[in-house]
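Participant: Structure here, sequence nowhere to be found:
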Ligand SMILES: Nc1ncnc2c1ncn2[C@@H]1O[C@H](COP(=O)(O)OP(=O)(O)OP(=O)(O)O)[C@@H](O)[C@H]1O
């Protein structure tokens, strides 16, 4: 792998033919946890522009810092260095403008599907009439196919249904940017593929700016306009952009035989494997721990009486 491939670029996106304005920008962002010898530098020099209307996927291995990256975008963590800008203004904390869907649904267990979504809608659209808010809630319940289960509480729903509620709740708040933090990783493969297509369908209708974190390269290619790998940490940085030139609407069943899809899957996977190997090699070559020569000791039998052991050692 050439050094150029591993150099984190400042990423620009093209939506259609024109370059859209960045909605969200990360400029030289660094983030770590702890202090002194226990300090863990998780993210280093992250530069990224998320453009209006694009679907960006960030792929990476477990533990590379994906959730930390997403928490920064959501305003749940603050950068140690660098800047995070939303429409040119510094991000000060969480905001309904940046709607986050987690991998664990975080629904309120005592509220129904309708109640969970209504709670968010009522808090964001306070100036709307009761009727407007009610219609809005019902629209999003229908969008995720849960009208029949609107009266149920989270414990009466399957994992896939809970994640649908979580998605509907976030979409209903009409965020300027939708942040999906491995939203499907807790689901079984069948439910996951159904929900992938549903997210894609909703996105194709709304064309909302979206950043999705995933550890699944196929999923990233299915949904995204651009894929950016997060190199393994510590000091994780972003890898090069892979543009997904596949036509929309996309359907997973059709893509499996598509040569562009297969080529892109190989390119992204090969990059991730190579960069992980490079990180391991670097770690090994940097390991400066001196070799310790152990003394040549012979074990003594502890079954002997205590007195004879003491005598033998003196
Ligand atoms: N609040 C925190 N305090 C201390 N360390 C943290 C904190 N949050 C994350 N980390 C550390 O940062 C590193 C990256 O964690 P993060 O959860 O961002 O990775 P990830 O790529 O999302 O992992 P996974 O895919 O396994 O969920 C880990 O070493 C983790 O222990």
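Facilitator: Received, thanks. All figures in this text were calculated on a predicted structure; none of them were measured in a lab. Numbers count the residues shown, from 1 in each chain.

Participant: Enumerate the residues of this structure near the ligand.
Facilitator: Neighbours of the ligand within the chain, by Cβ under 6 Å from any ligand atom: 33, 40, 42, 60, 62-68. For the C-beta atoms, the positions are set from N, CA and C on the backbone; glycine is no exception.

Participant: and those, which are buried?
Facilitator: Burial by neighbour count, 16 or more other Cβ atoms under 10 Å: within the residues of the chain next to the ligand this picks out 42, 60, 64-68.

Participant: follow-up on the earlier one: mind checking which of the residues of the chain next to the ligand are in helices?
Facilitator: Members of the residues of the chain next to the ligand lying in helices (criterion: DSSP state H): 66-68.

Participant: Please convert the residues of the chain next to the ligand to CSV, extending it with pLDDT and distance to residue 74.
Facilitator: Rendered in CSV, the data for those read as follows (pLDDT from 0 to 100; distance: Cβ to Cβ, whole Å):
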residue, pLDDT, distance to residue 74
33, 95, 17
40, 93, 20
42, 95, 16
60, 91, 17
62, 88, 20
63, 88, 19
64, 90, 18
65, 93, 14
66, 92, 13
67, 91, 10
68, 94, 11
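
Participant: so where's the protein uncertain?
Facilitator: Applying pLDDT under 70 to the chain flags residues 1-20, 287-291, 302, 304-314.

Participant: Which residue ranges of it form helices?
Facilitator: Counting by DSSP H, the helices of the chain are 3-6, 66-74, 113-124, 130-143, 159-172, 189-206, 217-223, 252-255, 259-286, 306-313.

Participant: picking that back up, want to throw the buried ones among the residues of the chain next to the ligand into TSV with distance to residue 218?
Facilitator: Formatted as TSV, these follow (distance: Cβ to Cβ, whole Å):
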residue	distance to residue 218
42	26
60	15
64	18
65	22
66	17
67	21
68	24
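
Participant: Of those residues, just say which sits nearest to residue 110.
Facilitator: Distance ranking of these against residue 110, using Cβ to Cβ, places residue 67 first at 26.9 Å.

Participant: Let me know whether the closest one touches residue 213 as I believe.
Facilitator: Yes. With contact defined as Cβ atoms under 8 Å, residue 67 counts as touching residue 213 (7.3 Å).

Participant: Show me the common contact partners of these two, please.
Facilitator: Residues within reach of residue 67 and of residue 213 at once, by Cβ atoms under 8 Å, 6 or more residues apart in numbering, are 181-182.
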